[in-house]
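Participant: Give me a 3D structure for the following:
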Amino acid sequence: MTAHAVAGLPYEACGLFATESGADEIRQFYPMENAAASQMIYQLDGKENLEVEIRAEEAGLEIIGVMHSHTHTPAYPSPTDVADASRFDPFAMMHFIIVSLEHEEPYLRSFKIKDGEITEEEVEITGGV
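Facilitator: Predicted coordinates:
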């Protein structure tokens, strides 16, 4: 995920990630194109999103979250991120991983967002992200 974030510069990068049903450990990351082509926001392309969901399902996985990068700010949900989460994930089923590129070394954090409330999740990195 961090490599995809760096490769996406100067724009925010994005993608979806998946695991087996009921699990929390990420098994597959699906890098995607930022349809907004922006340094300030990301937008998943609907067609590409559907293709990724089909690929995950064919692999026996389910999408459990979205990753995106912040090119110049900390790995913390922006007001836009919170509004998007409320609109697209009103039941807080998804995990939101943000990779910050504000410093030389990228870092990531994960969050659940429900009704505008942001809850950070513990992240344990056991392999490549």
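
Participant: who does the worst-scoring helix or strand of the chain on mean pLDDT touch, helix- and strand-wise?
Facilitator: Least confident helix or strand, the chain: helix 79-88 with a mean of 94, by mean pLDDT, DSSP states H and E. On a contact count with 3 or more CB pairs under 8 Å, 6 or more residues apart in numbering; DSSP states H and E, helix 79-88 meets strand 95-100, strand 107-114. C-betas here are computed from N, CA, C, even on glycine.

Participant: Now mean pLDDT and distance to residue 11 too, for those, in CSV please.
Facilitator: As requested, the helices and strands packed on helix 79-88 are exported to CSV (pLDDT from 0 to 100; distance: least, CB to CB, whole Å):
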stretch, mean pLDDT, distance to residue 11
strand 95-100, 97, 13
strand 107-114, 96, 17
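
Participant: Which parts of the least confident helix or strand of the chain count as buried, going by neighbours?
Facilitator: Residues 81-82, 84-85 are the ones in helix 79-88 that count as buried (16 or more other CB atoms under 10 Å).

Participant: Quick check, residue 70 in contact with residue 96.
Facilitator: No: Residue 70 lies out of contact with residue 96 (CB atoms under 8 Å); the separation is 11.7 Å.

Participant: who touches both of those two?
Facilitator: Common neighbours of residue 70 and residue 96, counting by CB atoms under 8 Å, 6 or more residues apart in numbering, are absent.

Participant: rewinding a little: looking at the helices and strands packed on helix 79-88, which is buried most?
Facilitator: Comparing the helices and strands packed on helix 79-88 by mean neighbour count (mean count of other CB atoms under 10 Å), strand 95-100 ranks first with a mean of 22.

Participant: by contact count, what packs against it?
Facilitator: Secondary elements touching strand 95-100 (3+ CB pairs under 8 Å, 6+ apart): strand 62-70, helix 79-88, strand 107-114.

Participant: One more pass at 6 Å, please.
Facilitator: Judged by 3 or more CB pairs under 6 Å, 6 or more residues apart in numbering; DSSP states H and E, the packing partners of strand 95-100 are strand 62-70, strand 107-114.

Participant: pretty sure residue 19 is touching residue 27, no?
Facilitator: Yes: look at residue 19 against residue 27 with CB atoms under 6 Å: they come within range, at 4.6 Å.
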